[in-house]
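Participant: please work out how this folds:
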Amino acid sequence: MEKTDLRAPTLTATVRPATPRQRVARAARNGGRPTLEFTERVPYDTYVHASTLHTLQQPLSGDPGEMSFLMVSQIMELYFGLTCHELREARRLLRADRVWDALAPLRRTALHLEGLNAAWRGLRWMTPADFNRFRDLLGEGSGFQSAMYRQLEFLLGLRDPALIRPFRRQTETYAQLQAALAAPSLWDEVTALLARHGFDLPAELLDRDVRESHESHPTVEAAWVEIYADTGPDNHLRLLGEALTAVAEEFGDWRYQHLKAVQRTMGAKVGSGGSAGLAWLRRSMDRVVFPELWSARTAM
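Facilitator: A predicted model of the protein is given here:
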C-alpha cells in the first residue's frame, strides 16, 4: 500500500517582526483592509503551524463521531503541555523565592485548566452506542498512556514510579519522565519555600525521596494555618495559597469530569488500557493535590 505523506508542505518563511510604525504604514497602504498578498507562506501559518495541526487527525473508522473524540483528545494533550509549561515556570520562580512573580503563571494555570475542563463538553453527546461504533479499533489505546498527563501529575506531586513503565521502549519519552520524577514537584518547592520563610519543618520531610508522592504532614498544615491567619495585603504566601487552591480545584474538576465521561460512555466496563475503568478512576481521585492546603482549613 502506498504511504501517504501527511506533513504540511515545507516552506522556508519565518515570522518577520514588525514595528508599530510599519503596521500603521501597511494599514494606510491597504486602505484599512487586510493584506491579501504574500510572497511566501502566510505569516499566521508560519507562526501557528495550523496547516500541520490539521493533518494530525487520522480516524480509524468511518464513523463521523470519532473525529470529535480524536480531536478533543488532542486538544486535551495540548492543554496538558501548556499547563506543564506554566507549572514549571511557577516552580522555577518559587525556587528563587520570587513568590509574587510565581502568582502569574499559577493564575494562568488555573485558567488553562478551565479550558481543559471545557473540552469535555465536546464529548457530552457520546453514548455507549456511539463509542462502541469505533472503540474496538482503538485496541489497547487509553488516556492512561498519556505521557504529558503523567508529567502534569508529577508536577502536582502525584507520583508513582511504576506508571512510567509503559514508556520504556520510547527512550526519549521515558528519559523525560524519569527526569520529571527525579525533580521536586511544585508542592515540594512550596514546602521548601515555607522552610526558608522560617516555618519549622522537619529535615526528614525536606530531604525525602522526591520520586515518591508527598504524604500530608502536620507541620506543613500548621504553617498554612499560620499563613492564613495574617489577612494583610502584603502577605504574599496567603496569595500563593489561594492561587494553588484554584489550580487544585480546577485539576480536581478535570478528574471528576473524566470519571463522569467514562461513566456516561462505558458504564463500569473494563478500560481499554487494561484497568478496571471506572473503579480505577475513583481510586485515583482519592489522591489529593496539595493536601495540607485543604486539611489546614479545618483548623482555621
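Participant: which stretches of the stretch 151-300 of the chain form helices?
Facilitator: With DSSP state H, counting those that start in this stretch applied, the stretch 151-300 of the chain shows helices at 171-182, 186-196, 203-206, 218-229, 236-266, 278-285, 291-299, listed in chain order.
Participant: just name the most buried of the ones you listed.
Facilitator: Burial of these is given as mean neighbour count (mean count of other CB atoms under 10 Å); helix 186-196 ranks first at a mean of 20. For every residue, glycine as well, the C-beta is placed using N, CA and C.
Participant: ok, back up a step: including mean pLDDT and distance to residue 113, could the helices of the stretch 151-300 of the chain go into TSV?
Facilitator: Compiled in TSV, the helices of the stretch 151-300 of the chain are given as follows (pLDDT from 0 to 100; distance: least, CB to CB, whole Å):
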stretch	mean pLDDT	distance to residue 113
helix 171-182	96	19
helix 186-196	97	14
helix 203-206	93	27
helix 218-229	97	21
helix 236-266	94	3
helix 278-285	72	15
helix 291-299	96	16
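Participant: for residue 127, which of these is the nearest?
Facilitator: Among those, helix 236-266 comes nearest to residue 127, with 6.9 Å by CB to CB.
Participant: tell me what that closest one is packed against?
Facilitator: When contacts are defined as 3 or more CB pairs under 8 Å, 6 or more residues apart in numbering; DSSP states H and E, helix 236-266 sits against helix 99-119, helix 128-132, helix 147-156, helix 186-196, helix 218-229, helix 278-285, helix 291-299.
Participant: now the angle from it to helix 218-229?
Facilitator: 110 degrees (axes from the mean of the first three to the mean of the last three CA atoms, to 10 degrees).
Participant: quick one: low-confidence parts of the chain?
Facilitator: Within the chain, the ranges that satisfy pLDDT under 70 run 1-12, 270-277, 280-281, 285.
Participant: what residues go with each domain of it?
Facilitator: Described in terms of automatic domain parsing, the domain architecture of the chain consists of the residue ranges 20-53, 65-299.
Participant: nearest to residue 14, out of those domains?
Facilitator: When these are ranked by distance to residue 14, counting by CB to CB, first place goes to domain 20-53 at 6.6 Å.
Participant: centroid residue for this structure?
Facilitator: By CA atoms, centre = their mean, the chain has its centre lying nearest to residue 80, at 2.8 Å.
Participant: for the residue nearest to residue 253 when sequence neighbours are not counted, list the residues it contacts.
Facilitator: Distances taken as CB to CB, 6 or more residues apart in numbering put residue 117 closest to residue 253, at 5.3 Å, once the chain neighbours are dropped. In this structure, residue 117 makes contact with 250, 253-254, 257, judged by CB atoms under 8 Å, 6 or more residues apart in numbering.
Participant: rewinding a little: okay but the residue nearest to the centre of the chain is in contact with residue 147, surely?
Facilitator: No: using CB atoms under 8 Å, residue 80 is not in contact with residue 147; the gap is 9.1 Å.
Participant: wait, residue 107 sits on residue 243?
Facilitator: Yes: taking CB under 8 Å as the contact criterion, residue 107 and residue 243 are neighbours in contact, 5.8 Å apart.
Participant: ok, back up a step: let me know which of the helices of the stretch 151-300 of the chain is the nearest to residue 76.
Facilitator: Of all the helices of the stretch 151-300 of the chain, the one in closest proximity to residue 76, counting by CB to CB, is helix 236-266 (8.8 Å).
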